[in-house]
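Peer 1: Sequence and predicted model, in that order:
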Amino acid sequence: MTAREEVLARIASAHRAAPPPDLAYEEVARGYRTTSNLEPEALVELLVDRLVDYKAQVRRCVESDLAATIAAAVAERGLTVLVVPDGLESDLLDAVPVQLRRDHSPDELSVADLDAADGVLTTCAVAVAETGTLILDGSAGMGRRVVTLIPDYHLCVVRADQICADVPQALAQLEPTRPLTMISGPSATSDIELSRVEGVHGPRTLEVIIVGDA
């Protein structure tokens, strides 16, 4: 018996010992919340609270100040090389005081190129206020999943109308066949002796710019 066959045999044995309830898939209750009674500004405040709790850094600005806010965030961190995925609005990058490395097909950056960069700038598809989660789906402005996993710093632009209350509402807005990356704060783990280590399997620093009304 191969290892795979042994694992499957043990699963089958466990099912025979404690069979799952006889409930058809279509009969599973799905009473998810589909609306929220929170006002838009309350959703923004909730998202900010969750992001800060995750040790992410947050800035807020209006649309007309977005390019300047991006430039200020990059300058304050002293970055020299910033990865920019395909599809990001070019007018947002005019004032960025660093070398821009564009990642686009067929000229995709290598892992070594991404590792040498100081950070990456992206947008997001939707943000979940209740969990403080940013969801990227690989479309224009978000790029490949790898570009947000290797650089040490991730600067993400979130527009206020992209913020929803909870996960079911977020998933309802997404195309499930796309490569979804869910980011809840900077990369961190406490697996070894409960000691928090950051930057293990993603950016050490997450900074979010929330764009909304004045």
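Peer 2: The structure has been received and is ready for your questions.
Peer 1: and the residue nearest the centre of the chain, what does it touch?
Peer 2: When C-alpha atoms, centre = their mean is applied to the chain, the residue found nearest the centroid is I183 (3.3 Å). Residues in contact with I183 (C-beta atoms under 8 Å, 6 or more residues apart in numbering) are 133-136, 148, 154, 156, 202, 206. From N, CA and C alone the C-beta is placed, and that goes for glycine too.
Peer 1: Who does it form a beta bridge with?
Peer 2: For I183, the beta-bridge partners are L134 (DSSP bridges).
Peer 1: Kindly report the same for L100.
Peer 2: L100 has these beta-bridge partners by DSSP bridges: L82.
Peer 1: now V126
Peer 2: Here V126, judged by DSSP bridges, has bridge partners I135.
Peer 1: hang on, isn't it packed against P168?
Peer 2: No - using C-beta atoms under 8 Å, V126 makes no contact with P168, being 11.8 Å away.
Peer 1: So those two - more neighbours on which side?
Peer 2: V126 (21 against 14; other C-beta atoms under 10 Å).
Peer 1: ok, now how distant is that one from R196?
Peer 2: Distance, V126 to R196, by C-beta to C-beta, to the nearest Å: 28 Å.
Peer 1: roughly how far apart are the residue nearest to the centre of the chain and D22?
Peer 2: 39 Å.
Peer 1: One more: L134?
Peer 2: For L134, the distance to D22 - C-beta to C-beta - is 40 Å.
Peer 1: what about L51, is that helix, strand or coil?
Peer 2: helix (DSSP: H, G, I helix; E, B strand; the rest coil).
Peer 1: If I look at it, what pLDDT would I see?
Peer 2: pLDDT, L51: 96.
Peer 1: Could you check how far it is from R178?
Peer 2: Applying C-beta to C-beta to L51 and R178 gives a distance of 23 Å.
Peer 1: Repeat that for A75.
Peer 2: Taken as C-beta to C-beta, the span from A75 to R178 is 33 Å.
Peer 1: Which residue comes closest to V111 once chain neighbours are left out?
Peer 2: I150 (6.5 Å; C-beta to C-beta, 6 or more residues apart in numbering).
Peer 1: From E207, how far out is that neighbour?
Peer 2: 17 Å.
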